[in-house]
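[1] Turn this into a structure:
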Amino acid sequence: MAFPNALISRNVNLTGDVSKVVLGDGVAIYGPSVIVLYDGGGLTGSRLEIGEGTFVGEFANLRTAGAPITIGSHCLLGQNVTIVGSNHGTRAGAPIVDQPWVGTGVEIGDDVWIASNTIVVAGARIGSGAVIAANSVVRGEVPENAIMAGSPARQVGERRP
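    Presented below is the predicted three-dimensional model:
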């Protein structure tokens with residue numbers, strides 16, 4: 001794997017189809033971290049794109065799980081952030097492990113700060129300029145420049161000039 005304009009620590013475990021990874025100039029991914037790019041469960045859209053100047057802290061857990069994860073430019077992801085592109089189905093009457101995966105991936109805009117110990121679940125869309133407080137669980141839509149906190153994350157403020 002060669003990303004000449006990005007820094008990836010030696011102890012980042014990147015598994016799966018690395019041809020589906022696009023890293024912008026100046027991306028830094030620190031380890032130990034895990035990045036998994038696998039299709040499965042009926043989904044075939046695994047892809048990871050990270051925009052220029054984005055920092056990913058230690059103990060990150062990024063799993064495409066058959067769906068795309070897009071992270072914008074100049075973002076900060078604190079330590080122990082988890083982002084997952086899909087989930088297992090939960091229909092009654094069939095074992096969870098046998099159910100198809102569901103999810104449309106995750107989209108994160110530019111200039112977003114996701115603080116430590118945050119989980120971003122499948123289907124989340126985080127607008128540019130948003131700030132996500134530590135220990136939050138993000139699902140659904142996050143407006144641009146929103147400050148979010150909690151589990152599930154709720155808007156608690158807004159970035160202003």
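[2] quick one: the helices in the protein?
    For the chain, helices defined by DSSP state H do not occur.
[3] Spatially central residue in it, please.
    I83 (3.4 Å; CA atoms, centre = their mean).
[4] Could you report the separation of the spatially most distant residue from the centre of the chain from Q99?
    Of all residues in the chain, G93 has its C-alpha farthest from the mean position, at 30.6 Å, by CA atoms, centre = their mean. Separation of G93 from Q99 (CB to CB, to the nearest Å): 10 Å. Heads up, the C-betas are built off the backbone N, CA and C, glycines and all.
[5] rewinding a little: how about the contacts made by the residue nearest to the centre of the chain?
    Residues near I83 by CB atoms under 8 Å, 6 or more residues apart in numbering: 60-63, 69, 71, 106, 108, 119-120.
[6] Any quick PyMOL command for the buried ones out of those?
    A single PyMOL command selects the buried members of those (16 or more other CB atoms under 10 Å):
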select buried, resi 60+62+63+69+71+106+108+119+120
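[7] returning to that earlier point: who are the contact partners of the nearest residue to the residue nearest to the centre of the chain once chain neighbours are set aside?
    Closest residue to I83 apart from its sequence neighbours, by CB to CB, 6 or more residues apart in numbering: V120 at 4.4 Å. Neighbouring residues of V120 by CB under 8 Å, 6+ apart: 81-84, 106, 108, 114, 126, 132, 138.
[8] Looking at V120 now. What's its pLDDT?
    At V120, the model reports a pLDDT of 98.
[9] now it, which residues is it bridged with?
    I83, V138 (DSSP bridges).
[10] what about it, distance to A94?
    Applying CB to CB to V120 and A94 gives a distance of 27 Å.
[11] Over to G123?
    For G123 relative to A94 (CB to CB), the value is 21 Å.
[12] ditto for T64
    Relative to A94, and taking CB to CB, T64 is found at 24 Å.
[13] More neighbours: these two, which one.
    T64 (29 against 11; other CB atoms under 10 Å).
[14] my guess is that one contacts E49, does it?
    No. Using CB atoms under 8 Å, T64 is not in contact with E49, being 10.4 Å away.
[15] Below-threshold pLDDT in this structure: ranges please.
    Counting by pLDDT under 70, the chain contains low-confidence residues at 1-2.
[16] For burial, what's the neighbour tally of G41?
    Neighbours of G41 using other CB under 10 Å come to 20.
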